[in-house]
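> below are the sequence and a predicted model for it; my questions follow.
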Amino acid sequence: MWMKTMILVNPSPTRQKTKDKRPASSSNDSQEALTEKLAQYTLLKEQEKARVIELTNIRKKCEEDTIALVVEQREAVKQLMYDRDLKTFTESHDHAPPEMLPFILARKRDIAKKYNWPCSF
């Protein structure tokens with residue numbers, strides 16, 4: 001009978017110790033590098049904060065412009081309604097057929113009430 005011989009091999013690679021990874025430098029050099037990295041980080045954060053503020057200002061300006069446009073459109077619609085009501089109110093109703101006269105007068109009374117105009121019909 002044949003016997004197989006097993007050899008135990010660890011397939012995982014060997015790891016370096018932490019001490020081996022660190023470069024040999026003086027504490028002064030690492031202090032300067034740390035200070036420089038901190039300065040870069042601070043500058044980066046300040047730039048990011050400035051961008052956020054700028055985007056917020058742009059968003060606020062856009063919202064203000066949108067609100068101004070909506071107000072302007074509402075005023076235009078109000079003016080259009082006023083003009084239409086004024087035309088309807090001042091139009092003569094003498095030419096109207098007798099069966100439509102109550103509806104026309106009711107509409108004119110509603111317009112007069114809406115704008116607090118004197119109405120004698």
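Right, received. Where do you want to start?
> quick one: low-confidence ranges for the chain?
1-13, 15-28 (pLDDT under 70).
> spatially central residue in it, please.
Arg59 (5.8 Å; C-alpha atoms, centre = their mean).
> within the helices and strands, which one has that one?
helix 27-90 (DSSP states H and E).
> check contacts around the closest residue to Leu101 other than its chain neighbours.
Excluding the flanking residues, the one nearest Leu101 by C-beta to C-beta, 6 or more residues apart in numbering is His93, at 6.6 Å. (Each C-beta comes from the backbone N, C-alpha and C, glycine too.) By C-beta atoms under 8 Å, 6 or more residues apart in numbering, the residues touching His93 are Leu101, Ile104, Leu105, Lys108.
> I'd say the last one and Pro118 touch.
No. Under the criterion of C-beta atoms under 8 Å, Lys108 lies out of contact with Pro118, with a separation of 11.6 Å.
> which one of those two is surrounded by more residues?
Lys108 (19 against 5; other C-beta atoms under 10 Å).
> secondary structure element for the more buried one?
helix 101-115.
> who does that helix touch, helix- and strand-wise?
Contacts defined by 3 or more C-beta pairs under 8 Å, 6 or more residues apart in numbering; DSSP states H and E place helix 101-115 against helix 27-90.
> quick one: the helix it packs on to chain centroid distance?
Distance, stretch centre to chain centre, for helix 27-90: 8 Å (C-alpha atoms, centre = their mean, to the nearest Å).
> what of stretch 112-121?
44 Å.
> now it: buried residues?
Buried residues in stretch 112-121, counting neighbours by 16 or more other C-beta atoms under 10 Å, are found at Ala112.
> next: stretch 69-86.
Asp85.
> so what touches that stretch?
In contact with stretch 69-86 (C-beta under 8 Å, 6+ apart) are residues Ile111, Lys114, Tyr115.
> at 7 Å what do you get?
Ile111 (C-beta atoms under 7 Å, 6 or more residues apart in numbering).
> just the C-alpha atoms of it, please, in CSV.
The C-alpha trace of stretch 69-86 is given here as CSV (Å, rounded to 0.1, in the frame of the first residue of the first chain):
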residue,chain,number,x,y,z
LEU,A,69,-42.4,86.3,-11.1
VAL,A,70,-45.4,84.7,-9.4
VAL,A,71,-46.4,88.0,-7.8
GLU,A,72,-46.0,89.8,-11.2
GLN,A,73,-48.2,87.1,-12.9
ARG,A,74,-50.9,87.5,-10.1
GLU,A,75,-51.0,91.2,-10.6
ALA,A,76,-51.3,90.8,-14.4
VAL,A,77,-54.2,88.4,-13.9
LYS,A,78,-55.9,90.8,-11.4
GLN,A,79,-55.5,93.7,-13.9
LEU,A,80,-56.9,91.5,-16.7
MET,A,81,-59.9,90.6,-14.6
TYR,A,82,-60.4,94.2,-13.6
ASP,A,83,-60.3,95.3,-17.2
ARG,A,84,-62.8,92.6,-18.2
ASP,A,85,-65.1,93.4,-15.3
LEU,A,86,-65.0,97.2,-16.1
